[in-house]
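Asks: How does the following fold in three dimensions:
(chains A, B, C and D)
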Number of protein chains: 2
Amino acid sequence: MAAPSSSEAERQRDKDRTRADILDVATREFADKGYTGARVDEIAERTSTTKRMIYYYFGGKEQLYVAVLERAYSAIRALEAELDVEHLEPEDAIRELAELTFDHHEANPDFIRLVSIENIHHAEHIARSEILAGLANPVLDGLTRVLARGREAGRFRADVDALDVHQVISSFCVFRLANRHTFAAIFGRDMLDPARREHHRRMLGDLLINYLTA
Amino acid sequence: MAAPSSSEAERQRDKDRTRADILDVATREFADKGYTGARVDEIAERTSTTKRMIYYYFGGKEQLYVAVLERAYSAIRALEAELDVEHLEPEDAIRELAELTFDHHEANPDFIRLVSIENIHHAEHIARSEILAGLANPVLDGLTRVLARGREAGRFRADVDALDVHQVISSFCVFRLANRHTFAAIFGRDMLDPARREHHRRMLGDLLINYLTA
DNA sequence: CGCAATGTACGAACTAGTGAGTTCACGTTA
DNA sequence: TAACGTGAACTCACTAGTTCGTACATTGCG
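Replies: Next up, the predicted model:
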């Protein structure tokens, strides 16, 4: 009757699982309340472990917050890295990228909130993290090549670079989530209303293509 | 030697001045540290008066924060109300509006930060403020008429309303300020770099016009 | 005097972080 | 193989320091 390993009892002492559990809870807490508003005690309570473990594994509130940021950014970069637009026509590649960002941000509101929060703090934690500082977006290289192809074919204007395009896409996709609440409170329109989703998704693509091919 | 009134000594007891002083300091503190991060004691110290006065005039931290929001929004709405685009061609009117927003946001980073912070808190304070909830943007009416004129002249597409256009403008202008720090930390580009200012200002106008007239 | 405006000192509640000790898996030794 | 040693994972109670808010005293104008 001896269960040597990989049973449920073994899960009581699992470093990775405990760390991941803490990070999951902390992500929600920080995204919800902000860095200052988040309470370590609250995170501890929602975890299956104790507050002491948070300090044991992460060192402190700030390091935990940085760990949350690092994991959130890594997840997104990994997803972006999968995108392959080399085989598409420049116009379609732009739309593909814009729509991927559109969908991704909509599916990850916590990440957008963490970014907003980090900006309130002047990105000081990102700047201090060796993992995050200067974490270049792999999509930018692909985007640069797409723009070059479109330009060489005489279809794209020449006075925009990949970062400009990325900025426009991010602006629209991030604003839609980050400023959802004040926008709704003041203008009475929920930017995430499913009824307007397709319209906005297409609008972003049109905006970019009409501009680039003007 | 008796200075009866309206001298400098009288300034010791000036309700409006004291309130304005507190609001000024509180605006900077809340914009800088967020609602939870802001410290009432800190605000009091930077004021020429005391903490007691904050509670005397505003009631508490939350009411002070709401007062800050109300004043900030009012200032912007007042400025927007001055804009008159009825005499301009639709295309020029759109550009005018976009550039006014562009300039205004750049000149008022504190306001953008307050909006970001309020969104972190799900706009709950705006929703509860009778002054702010449903405070319709007067510019929207003008924008609606501009779009109608452009559409009637067969120059503008018909599948966009004023709020869509406003959303695009705000997205770009707000993102530029609100996400400045994470953008710089990760991509190494300061979106507020004066060298790129004119390029971005024109880009926003082109983006809108190329889209609307496509 | 009477009342609005103001200053000071204090306290109750909260919050990040720690000190000190316990449990458990596992390898080593007698 | 059974007692022992060891270090990682874990628990709990506690503390030192904040932070919002208030009780109370004071000032000075009409």
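Asks: give me the low-pLDDT residue ranges for chain A?
Replies: For chain A, the stretches flagged by pLDDT under 70 are A:1-12, A:134.
Asks: any idea which helix or strand carries the most centrally placed residue in it?
Replies: Nearest to the mean C-alpha position of chain A, counting by C-alpha atoms, centre = their mean, stands A:F111 at 4.4 Å. In this structure, A:F111 is located in helix A:109-120 according to DSSP states H and E.
Asks: What lies in contact with that helix?
Replies: A:27-28, A:30-32, A:34-35, A:68-69, A:72, A:75-76, A:105, A:125-126, A:174, A:177-178, B:34, B:113, B:116-117, B:119-120, B:178-182 (C-beta atoms under 8 Å, 6 or more residues apart in numbering or on different chains). Yep, even glycine has a C-beta here, placed from its N, CA and C like the rest.
Asks: With only the CA atoms kept, save that helix in CSV.
Replies: Extracted in CSV, the C-alpha atoms of helix A:109-120 (Å, rounded to 0.1, in the frame of the first residue of the first chain):
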residue,chain,number,x,y,z
PRO,A,109,-7.2,42.1,-19.3
ASP,A,110,-5.0,41.4,-16.3
PHE,A,111,-1.9,42.0,-18.3
ILE,A,112,-3.1,45.4,-19.6
ARG,A,113,-3.9,46.4,-16.0
LEU,A,114,-0.4,45.4,-14.9
VAL,A,115,1.0,47.5,-17.6
SER,A,116,-1.1,50.5,-16.6
ILE,A,117,-0.1,50.1,-13.0
GLU,A,118,3.6,49.8,-14.0
ASN,A,119,3.3,53.0,-15.9
ILE,A,120,1.9,54.8,-12.8
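Asks: could you check the angle helix B:109-120 makes with it?
Replies: Orientation check (axes from the mean of the first three to the mean of the last three C-alpha atoms, to 10 degrees): helix A:109-120 against helix B:109-120 gives 150 degrees.
Asks: So which other helices or strands are in contact with the helix or strand just after helix A:109-120?
Replies: Using DSSP H and E, the helix or strand that directly follows helix A:109-120 along the chain is helix A:124-128. Identification of packing neighbours for helix A:124-128 by 3 or more C-beta pairs under 8 Å, 6 or more residues apart in numbering or on different chains; DSSP states H and E yields helix A:61-82, helix B:180-187.
Asks: For DNA strand C, tell me whether helix A:124-128 is touching it.
Replies: No - using C-beta under 7 Å from any atom of the strand, we find that helix A:124-128 stays clear of DNA strand C, coming within 13.2 Å at best.
Asks: all strands of chain A, in order?
Replies: Here chain A has no strands by DSSP state E.
Asks: Just give the closest residue to A:A93, not the sequence neighbours.
Replies: Distance criterion C-beta to C-beta, 6 or more residues apart in numbering or on different chains; nearest residue to A:A93, sequence neighbours excluded, is A:V85 at 3.8 Å.
Asks: Can you report how many residues lie near that neighbour?
Replies: Using other C-beta atoms under 10 Å in any protein chain shown, A:V85 has 20 other residues around it.
Asks: what residues are up against it?
Replies: With C-beta under 8 Å, 6+ apart, A:V85 has these contacts: A:D92, A:A93, A:E96, A:L97, A:G142, A:V146.
Asks: Neighbour count for the residues you listed - can I get that in TSV?
Replies: Putting the contacts of A:V85 into TSV (neighbours: other C-beta atoms under 10 Å in any protein chain shown) gives the following:
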residue	neighbour count
A:D92	14
A:A93	22
A:E96	17
A:L97	23
A:G142	19
A:V146	26
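Asks: Any chance of CSV for the residues you listed, columns distance to A:R46?
Replies: Formatted as CSV, the contacts of A:V85 follow (distance: C-beta to C-beta, whole Å):
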residue, distance to A:R46
A:D92, 44
A:A93, 42
A:E96, 38
A:L97, 36
A:G142, 39
A:V146, 43
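Asks: Now the two most distant members of those.
Replies: Taking C-beta to C-beta as the measure, these span a maximum distance of 13.1 Å, between A:D92 and A:G142.
Asks: And the helices and strands packed on helix A:124-128: which comes nearest B:A81?
Replies: helix B:180-187 (27.9 Å).
Asks: The closest one close to chain A?
Replies: Yes - contact of helix B:180-187 with chain A (C-beta under 8 Å from any C-beta of the partner chain) involves B:R180, B:H181, B:T182, B:F183, B:A184, B:A185, B:I186, B:F187.
Asks: which strands and helices sit next to that helix?
Replies: Counting by 3+ C-beta pairs under 8 Å, 6+ apart, helix B:180-187 packs on helix A:109-120, helix A:124-128, helix A:162-178.
Asks: So for that helix, what gets flagged as buried?
Replies: The neighbour-count check on helix B:180-187 (16 or more other C-beta atoms under 10 Å in any protein chain shown) flags B:R180, B:H181, B:T182, B:F183, B:A184, B:A185, B:I186, B:F187 as buried.
Asks: Helix B:109-120 and that helix, what's the angle between them?
Replies: Using the same axes, to 10 degrees: helix B:180-187 against helix B:109-120 is 90 degrees.
Asks: what does chain A put close to DNA strand D?
Replies: A:Q12, A:R13, A:D14, A:K15, A:T18, A:T49, A:T50, A:K51, A:R52, A:M53, A:Y56.
Asks: Looking at those, state which has the most neighbours.
Replies: In those, the most neighbours by other C-beta under 10 Å go to A:T18, 19 neighbours.
Asks: residue contacts, it?
Replies: By C-beta under 8 Å, 6+ apart, the neighbours of A:T18 are A:S48, A:T49, A:M53, A:Y57.
Asks: Distance to DNA strand C for the residues you listed - can I get that in TSV?
Replies: Below are those laid out as TSV (distance: C-beta to the nearest atom of the strand, whole Å):
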residue	distance to DNA strand C
A:S48	15
A:T49	12
A:M53	9
A:Y57	12
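Asks: Need the residues of helix B:180-187 next to chain A in CSV (columns: distance to B:L208).
Replies: Formatted as CSV, those follow (distance: C-beta to C-beta, whole Å):
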residue, distance to B:L208
B:R180, 22
B:H181, 26
B:T182, 25
B:F183, 22
B:A184, 26
B:A185, 29
B:I186, 27
B:F187, 24
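Asks: follow-up on the earlier one: redo the helices and strands packed on helix B:180-187 as JSON lines? Include distance to B:R155.
Replies: Below are the helices and strands packed on helix B:180-187 laid out as JSON lines (distance: least, C-beta to C-beta, whole Å):
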{"stretch": "helix A:109-120", "distance to B:R155": "35"}
{"stretch": "helix A:124-128", "distance to B:R155": "44"}
{"stretch": "helix A:162-178", "distance to B:R155": "23"}
